[in-house]
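Enquirer: Fold the following and give me the result.
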Amino acid sequence: MAKKAIFFLPSVLMALIYLAHAVQAFMLSEELAVVIGVIPGLSGFSTPLLLLVGLADAAVAIALVAYFGKYKPLLFLYAILWPIVPNILKTIGNLHPEWPIVVVMAVLGTLGYLGFRSREQPQAVGSDRIKSY
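Expert: Alright, predicted model coming up:
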């Protein structure tokens, strides 16, 4: 039980980070609007895009904690790679990028993925064929 709780903790921490970012996006943060303004032609659409980012981040936060299906490894990959995008845009726009959070998310995502893999039941090769007969 303790092992499951320890490996579930990185998913919860990642979910909290994504949830905090979703709240920041729903509050139409000026910092996030500036990041969107780095992309040419999107500065006029910052409000709807921030709401969309807030919805996406809230969905990822909920899925990190509540979803245990076969696409969970892809969810971890998305959760690890997505923080890189705003930091690249901040670098392009001569803003202050926050690279330490990218490292934290990568470590948490890797630990969460390893914990998810350790909870799965190993299957023998060809066991899906045996069940179909």
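Enquirer: tell me the secondary structure for residue 94?
Expert: Secondary structure state of residue 94, per DSSP: H, G, I helix; E, B strand; the rest coil, is coil.
Enquirer: Numbering from 16 from now on, please.
Expert: Yep, numbering from 16; the last one is residue 109 now.
Enquirer: From the structure, what's the count of residues near it?
Expert: 8 (other C-beta atoms under 10 Å). From N, CA and C alone the C-beta is placed, and that goes for glycine too.
Enquirer: Could you tell me what pLDDT the model assigned to it?
Expert: Listed pLDDT for residue 109 reads 88.
Enquirer: what sits against the spatially closest residue to residue 121 that is not a sequence neighbour?
Expert: Once flanking residues are discounted, residue 121 sits nearest to residue 95: 5.2 Å by C-beta to C-beta, 6 or more residues apart in numbering. Counting by C-beta atoms under 8 Å, 6 or more residues apart in numbering, residue 95 makes contact with 120, 121, 124, 125.
Enquirer: Of the residues you listed, which belong to strands?
Expert: The strands, defined by DSSP state E, take in nothing from the contacts of residue 95.
Enquirer: List only buried entries from the residues you listed.
Expert: 120, 124 (16 or more other C-beta atoms under 10 Å).
Enquirer: how about the residue nearest to residue 121, secondary structure?
Expert: Applying three-state DSSP: residue 95 is helix.
Enquirer: Got phi/psi on residue 99?
Expert: Residue 99 adopts backbone torsions of phi -70, psi -40, taken as degrees, to the nearest 10.
Enquirer: Could you find the closest non-adjacent residue to it?
Expert: residue 117 (5.7 Å).
Enquirer: thought that neighbour was touching residue 97?
Expert: No: assessed by C-beta atoms under 8 Å, residue 117 is found out of contact with residue 97, at 9.6 Å.
Enquirer: CA atoms only: put the helix or strand containing residue 130 into PDB for me.
Expert: Taking DSSP states H and E as the criterion, residue 130 maps to helix 114-134. The C-alpha trace of helix 114-134 is given here as PDB (Å, rounded to 0.1, in the frame of the first residue of the first chain):
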ATOM      1  CA  TRP A 114      13.300  26.100 -16.900                       C
ATOM      2  CA  PRO A 115      13.400  24.600 -13.400                       C
ATOM      3  CA  ILE A 116       9.700  23.800 -13.600                       C
ATOM      4  CA  VAL A 117      10.400  21.900 -16.800                       C
ATOM      5  CA  VAL A 118      13.000  19.800 -14.900                       C
ATOM      6  CA  VAL A 119      10.600  19.300 -12.000                       C
ATOM      7  CA  MET A 120       7.800  18.200 -14.300                       C
ATOM      8  CA  ALA A 121      10.100  15.800 -16.200                       C
ATOM      9  CA  VAL A 122      11.200  14.200 -12.900                       C
ATOM     10  CA  LEU A 123       7.700  14.000 -11.600                       C
ATOM     11  CA  GLY A 124       6.400  12.600 -14.900                       C
ATOM     12  CA  THR A 125       9.100  10.000 -15.100                       C
ATOM     13  CA  LEU A 126       8.500   8.900 -11.500                       C
ATOM     14  CA  GLY A 127       4.700   8.800 -12.100                       C
ATOM     15  CA  TYR A 128       5.100   6.800 -15.200                       C
ATOM     16  CA  LEU A 129       7.400   4.300 -13.500                       C
ATOM     17  CA  GLY A 130       4.900   4.000 -10.600                       C
ATOM     18  CA  PHE A 131       2.000   3.500 -13.100                       C
ATOM     19  CA  ARG A 132       4.000   0.700 -14.900                       C
ATOM     20  CA  SER A 133       4.800  -1.000 -11.600                       C
ATOM     21  CA  ARG A 134       1.100  -1.200 -10.800                       C
END
